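**Student:** need the 3D shape of this:
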Amino acid sequence: MDKLKSVLSGEEARAENRTIAQTVNEASTLGWGTRVKGFVACFVVGGVCAVLGVCLLFLPKVGIILFIVFYTFGNLCTLFSTMFLMGPMKQVKRMCDKTRALATTLMITCLVLTLCAVFWWKNFGLALLFVILQVLSFAWYSLSYIPFIRDAIMKMVSVCIKR
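**Tutor:** Below you'll find the predicted structure:
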């Protein structure tokens with residue numbers, strides 16, 4: 001517990017000439033079994049939230065709001081679940097990698113704009129459009145982890161458009 005306190009206060013990082021992020025990353029290392037359990041739990045929560053959001057869509061008046069909130073929260077949980085497998089710092093570095101920086105930016109922008117459309121602009125048509133863009137951007141982001149699959153999809157789409 002003392003180690004955690006010193007890490008969070010930044011004392012240990014200053015003492016050993018390391019950054020606070022490096023110290024927190026070292027202090028928060030989990031065993032592989034714990035990482036897998038955290039991944040599965042967060043992924044399941046994300047999936048349940050997304051399914052629950054779809055089920056709540058059919059409630060009168062508040063259904064669309066609940067759908068968007070639960071669906072967006074589900075996507076965030078699913079995204080955060082991968083941080084258990086690789087660690088938060090490595091995940092953020094991979095998200096900002098040049099091959100997926102655009103996909104990451106689009107995905108996070110769609111998540112934020114979806115919530116803005118519901119709570120600030122109160123435009124449900126726009127919110128549904130952002131949910132659709134959320135699905136597409138999340139799929140495109142997920143595909144960036146499979147080597148050469150996005151190039152294959154782009155070639156397939158270009159062939160279909162030419163016909």
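
**Student:** so where's this structure shaky on pLDDT?
**Tutor:** The chain contains residues with pLDDT under 70 at 1-18, 20-28.

**Student:** kindly recompute the last result at 50.
**Tutor:** Per-residue confidence for the chain (pLDDT under 50) gives these ranges: 4, 13.

**Student:** residue at max distance from the center of it?
**Tutor:** Distance from the C-alpha centroid of the chain peaks at residue 163, with 35.8 Å (CA atoms, centre = their mean).

**Student:** for residue 157, see how far away that residue is.
**Tutor:** 11 Å (CB to CB, to the nearest Å). The way it works is simple: take the backbone N, C-alpha and C, and place the C-beta from them, glycine included.

**Student:** what of residue 45?
**Tutor:** 33 Å.

**Student:** more neighbours: which of the two?
**Tutor:** The residue with more neighbours, out of residue 45 and residue 157, is residue 45; 16 against 10, by other CB atoms under 10 Å.

**Student:** helix or strand for that one, which one?
**Tutor:** Assigned by DSSP states H and E, residue 45 belongs to helix 32-56.

**Student:** what's that helix in contact with?
**Tutor:** 30, 63, 66-71, 73-82, 84-85 (CB atoms under 8 Å, 6 or more residues apart in numbering).

**Student:** stretch 63-72 now?
**Tutor:** So stretch 63-72 is contacted by 49-50, 52-54, 56-57, 59, 111, 114-115, 118, 124, 127-128, 131, 134 (CB under 8 Å, 6+ apart).

**Student:** please pick the buried ones from these.
**Tutor:** Among the contacts of stretch 63-72, those scoring as buried are 49-50, 52-53, 56-57, 111, 114, 118, 127-128, 131, 134 (criterion: 16 or more other CB atoms under 10 Å).

**Student:** distance to residue 103 for those - can I get that in JSON lines?
**Tutor:** Converted to JSON lines, the buried ones among the contacts of stretch 63-72 look like this (distance: CB to CB, whole Å):
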{"residue": "49", "distance to residue 103": "22"}
{"residue": "50", "distance to residue 103": "19"}
{"residue": "52", "distance to residue 103": "26"}
{"residue": "53", "distance to residue 103": "22"}
{"residue": "56", "distance to residue 103": "28"}
{"residue": "57", "distance to residue 103": "26"}
{"residue": "111", "distance to residue 103": "13"}
{"residue": "114", "distance to residue 103": "16"}
{"residue": "118", "distance to residue 103": "23"}
{"residue": "127", "distance to residue 103": "21"}
{"residue": "128", "distance to residue 103": "21"}
{"residue": "131", "distance to residue 103": "17"}
{"residue": "134", "distance to residue 103": "12"}
